[in-house]
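Novice: okay, sequence plus prediction incoming.
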Amino acid sequence: MARFEAALALAAARAGLVPAEHAQTIARVCERAEFDATALARAARTAGALAIPFVQQLTAQVATVSAEAARHVHFGATSQDVMDTAAALCVRSAGERLIALATRAGDAAAQLAERYARTPMTARTLLQPALLPAVLLARQVGGPRARIVVVTDHSSFNYDHVQRAGKVVVDTRNAIKAPGPHVVRLGAARSNAPEMASAAR
């Protein structure tokens with residue numbers, strides 16, 4: 001908000017609305033101005049807008065340097081002008097920080113993806129793990145890799161490719177219409193467990 005008031009005074013001076021020396025005084029005070037946040041919050045409840053007690057505090061600080069310059073604080077502006085501009089300035093700074101943090105997070109995620117590109121993981125839907133009883137997987141797959149768990153039935157997926165890509169495919173949604181012998185339908189997994197385990201041997 002102080003940055004807005006400084007810029008406002010300098011712009012008004014360039015437009016010939018405020019004496020240049022007064023505008024410079026206001027800008028200098030704004031650079032080092034200090035505000036009592038607690039008092040501002042308390043006063044804003046009565047005033048109905050934070051800008052009103054803010055301008056009063058700033059004007060008092062400018063007056064300690066120049067009473068004439070203090071007359072031109074907030075010249076031609078409304079409370080909404082200072083509040084909206086100050087909010088935009090804060091958002092810009094916050095946005096720059098968020099972009100920097102998001103870039104760091106993205107770079108870190110990319111490094112993790114490369115590091116664990118060949119590490120198997122549990123598929124999830126609605127935060128619930130889509131799992132087959134461990135004994136069935138253990139008996140059907142010799143190694144820990146090449147397992148695929150289907151947790152959706154979206155029509156845009158190429159399920160033929162899914163079948164070809166994995167040694168064992170766990171279909172939790174019965175999405176694969178023509179399953180091969182290595183496709184396990186989760187709904188039937190428990191009832192068929194003895195037969196599947198026997199087939200695996």
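Specialist: Received the coordinates, thanks.

Novice: going forward, measure contacts and count neighbours with C-alpha atoms only.
Specialist: OK.

Novice: and the longest helix seen in the chain, how far out from the chain's middle?
Specialist: What stands out as the longest helix in the chain, according to DSSP state H, is helix 79-115. Offset of helix 79-115 from its chain centre (Cα atoms, centre = their mean, to the nearest Å): 8 Å.

Novice: go on, stretch 108-120?
Specialist: With Cα atoms, centre = their mean as the basis, stretch 108-120 stands 22 Å off its chain's centre.

Novice: now it: average pLDDT?
Specialist: For stretch 108-120, the mean per-residue pLDDT is 79.

Novice: re the thing from before, what helices and strands are in contact with the longest helix of the chain?
Specialist: The helices and strands touching helix 79-115, judged by 3 or more Cα pairs under 8 Å, 6 or more residues apart in numbering; DSSP states H and E, are helix 2-14, helix 51-63.

Novice: tell me which of those sits nearest to Leu89.
Specialist: Proximity to Leu89, assessed across these by Cα to Cα, is greatest for helix 2-14 (8.9 Å).

Novice: with only the CA atoms kept, save the helix or strand that the closest one is followed by in PDB.
Specialist: Where DSSP states H and E defines the elements, the next helix or strand beyond helix 2-14 is helix 20-32. Taking Å, rounded to 0.1, in the frame of the first residue of the first chain, the C-alpha atoms of helix 20-32 are listed here in PDB:
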ATOM      1  CA  ALA A  20       7.400  17.700  -7.400                       C
ATOM      2  CA  GLU A  21       9.100  18.300  -4.100                       C
ATOM      3  CA  HIS A  22       6.100  17.200  -2.200                       C
ATOM      4  CA  ALA A  23       5.800  14.100  -4.300                       C
ATOM      5  CA  GLN A  24       9.400  13.300  -3.600                       C
ATOM      6  CA  THR A  25       8.900  13.800   0.100                       C
ATOM      7  CA  ILE A  26       5.900  11.400   0.100                       C
ATOM      8  CA  ALA A  27       7.900   8.800  -1.800                       C
ATOM      9  CA  ARG A  28      10.800   9.000   0.600                       C
ATOM     10  CA  VAL A  29       8.600   8.600   3.600                       C
ATOM     11  CA  CYS A  30       6.800   5.700   2.000                       C
ATOM     12  CA  GLU A  31      10.100   3.900   1.500                       C
ATOM     13  CA  ARG A  32      10.800   3.900   5.300                       C
END
